[in-house]
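Colleague: Turn this into a model:
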Amino acid sequence: MIKEALDKVREEIPEGVTLVAVSKTKPVASIQEAYNQGQRVFGENRVQELAEKYEQLPQDIEWHLIGHLQTNKVKYIASFVSMIHAVDSMKLLKEINKQAAKHDRVIDCLLQFHIAEEDTKFGMNFNEVKDLLESDEFIELRNINIAGLMGMATFTDNTEQIREEFRNLENYFQIIKSHYFKFNDGFQHISMGMSGDYPIAIEEGSTMVRVGSAIFGARN
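Modeller: Numbers count the residues shown, from 1 in each chain. Take a look at the predicted model:
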């Protein structure tokens, strides 16, 4: 089942868009099955689950932490995580920098924008991101790389609303790229789109989609 589902998703994703296979709540065997089909980028939203799976699976997997991250949990993944998607405060960014430095690493991070109508979703607004990037604290961070932005659309059947929210994020990306990362090729990703809306996200400029249930089936 996983092979067929993975092939189907891959067919819909153009070259240049990274597929993050969201394996949260899924057993190691399912991840191994996707790995055997050539998938190398996997996303988890819980630190403990991610750390346990990292120990049990092939070491060339690129692990992405896609869920909300508490500062006191960063230390458990700092030695191996490839990218942290949902950075929503300077406090968290400083902690990632501190823990990355202990392992002599630079960790890729995405700044999370709040683009949905729901208050339950995390993320910053444009002014908060602007203040963060212009702060003296940010300039001193040596062990993080801001690789782009991420956002989650409203959970709704209204595809025009979803499209508009994705369009807003892409617009923020262009503004921030031109103002703060004009000569930084490392700032390149827009992580948006999940199982229910990734085709729309790709049409609106996503470079990275986070797809779980469309590959692995419904959540356990």
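Colleague: what bits of the protein have low per-residue confidence?
Modeller: Low-confidence segments of the chain, defined by pLDDT under 70, span residues 219-220.
Colleague: residues contacting residue 126?
Modeller: Listed by CB atoms under 8 Å, 6 or more residues apart in numbering, the contact partners of residue 126 are 113, 172, 175. Backbone N, C-alpha and C define where each C-beta goes, glycine included.
Colleague: Nearest residue to the middle of this structure?
Modeller: A centroid search over the chain (CA atoms, centre = their mean) returns residue 85, at 3.2 Å, as the residue closest to the centre.
Colleague: Can you report phi and psi for that residue?
Modeller: With angles defined as degrees, to the nearest 10, residue 85 sits at phi -80, psi -30.
Colleague: Repeat that for the one 3 residues further on.
Modeller: Dihedral angles of residue 88 (phi, psi; degrees, to the nearest 10) stand at phi -120, psi 20.
Colleague: Residue 151 and residue 113 touch, don't they?
Modeller: Yes - the pair residue 151 and residue 113 qualifies as a contact (CB atoms under 8 Å) at a distance of 4.5 Å.
Colleague: what is in contact with the two at once?
Modeller: A shared contact of residue 151 and residue 113, defined by CB under 8 Å, 6+ apart, is any residue touching both; here these are 123, 169.
Colleague: sorry, back to before: among the contacts of residue 126, which ones are buried?
Modeller: For these, a neighbour count by 16 or more other CB atoms under 10 Å gives the buried set as 113, 172.
Colleague: Return the member of the contacts of residue 126 nearest to residue 16.
Modeller: For those, the minimum distance to residue 16 (CB to CB) is 19.9 Å, reached by residue 172.
Colleague: contacting residues for the closest residue to residue 211 other than its chain neighbours?
Modeller: Sequence neighbours aside, residue 195 is the residue nearest to residue 211 in space, at 5.2 Å (criterion: CB to CB, 6 or more residues apart in numbering). Residue 195 makes contacts with 22, 211, 212, 213, 214, 215, as judged by CB under 8 Å, 6+ apart.
Colleague: can I get these in a markdown table with distance to residue 10 and neighbour count?
Modeller: Conversion of the contacts of residue 195 to a markdown table gives the following (distance: CB to CB, whole Å; neighbours: other CB atoms under 10 Å):
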| residue | distance to residue 10 | neighbour count |
| --- | --- | --- |
| 22 | 15 | 25 |
| 211 | 10 | 23 |
| 212 | 15 | 22 |
| 213 | 16 | 14 |
| 214 | 11 | 18 |
| 215 | 9 | 26 |
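Colleague: how about a markdown table for those, with distance to residue 45 and secondary structure added?
Modeller: Converted to a markdown table, the contacts of residue 195 look like this (distance: CB to CB, whole Å; DSSP: H, G, I helix; E, B strand; the rest coil):
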| residue | distance to residue 45 | secondary structure |
| --- | --- | --- |
| 22 | 8 | strand |
| 211 | 13 | strand |
| 212 | 9 | coil |
| 213 | 13 | helix |
| 214 | 16 | helix |
| 215 | 15 | helix |
